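>>> need coordinates for the below:
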Amino acid sequence: MIQEKNHLTIKLDQLVFLKFNASAKIEIYKTLGQLVLKEQITSQNTGIDTKDLCEGVYVLNLINEEKIISKKIVKQ
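Reported below is the predicted structural model:
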């Protein structure tokens, strides 16, 4: 995961990407549980525009039919 001021790039290795199909998505939540962003995964390197997110801590969920991977991200 590469985080810049107003952009987040999710880089999935080949094996992880092959396990996630076209229905996979990324969701970003505030720490209080409010969904603030939802995107479909379209490639092995998926970019997300985060300019509308306020500074703070968020939870990023990478979701497919079988699994959810959660990561904490900090927008500065």
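>>> show me the strands in the chain, by range?
All strands of the chain, identified by DSSP state E, fall at 2-3, 7-11, 25-30, 35-40, 45-49, 56-63, 68-75.
>>> quickly, which of the ones you listed bottoms out on average pLDDT?
Among those, strand 2-3 has the lowest mean pLDDT, at a mean of 51.
>>> model confidence for Gln76, exactly?
82.
>>> dump the strands of the chain to JSON lines, plus mean neighbour count.
Where C-beta positions appear, they are placed from N, C-alpha and C, glycine not excepted. Putting the strands of the chain into JSON lines (neighbours: other Cβ atoms under 10 Å) gives the following:
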{"stretch": "strand 2-3", "mean neighbour count": "13"}
{"stretch": "strand 7-11", "mean neighbour count": "16"}
{"stretch": "strand 25-30", "mean neighbour count": "17"}
{"stretch": "strand 35-40", "mean neighbour count": "13"}
{"stretch": "strand 45-49", "mean neighbour count": "15"}
{"stretch": "strand 56-63", "mean neighbour count": "16"}
{"stretch": "strand 68-75", "mean neighbour count": "12"}
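>>> what about the closest residue to Lys30 other than its chain neighbours, distance to Ile28?
Spatial nearest neighbour of Lys30, chain neighbours left out: Val36 (5.8 Å); criterion: Cβ to Cβ, 6 or more residues apart in numbering. Distance of Val36 to Ile28, given as Cβ to Cβ, to the nearest Å: 5 Å.
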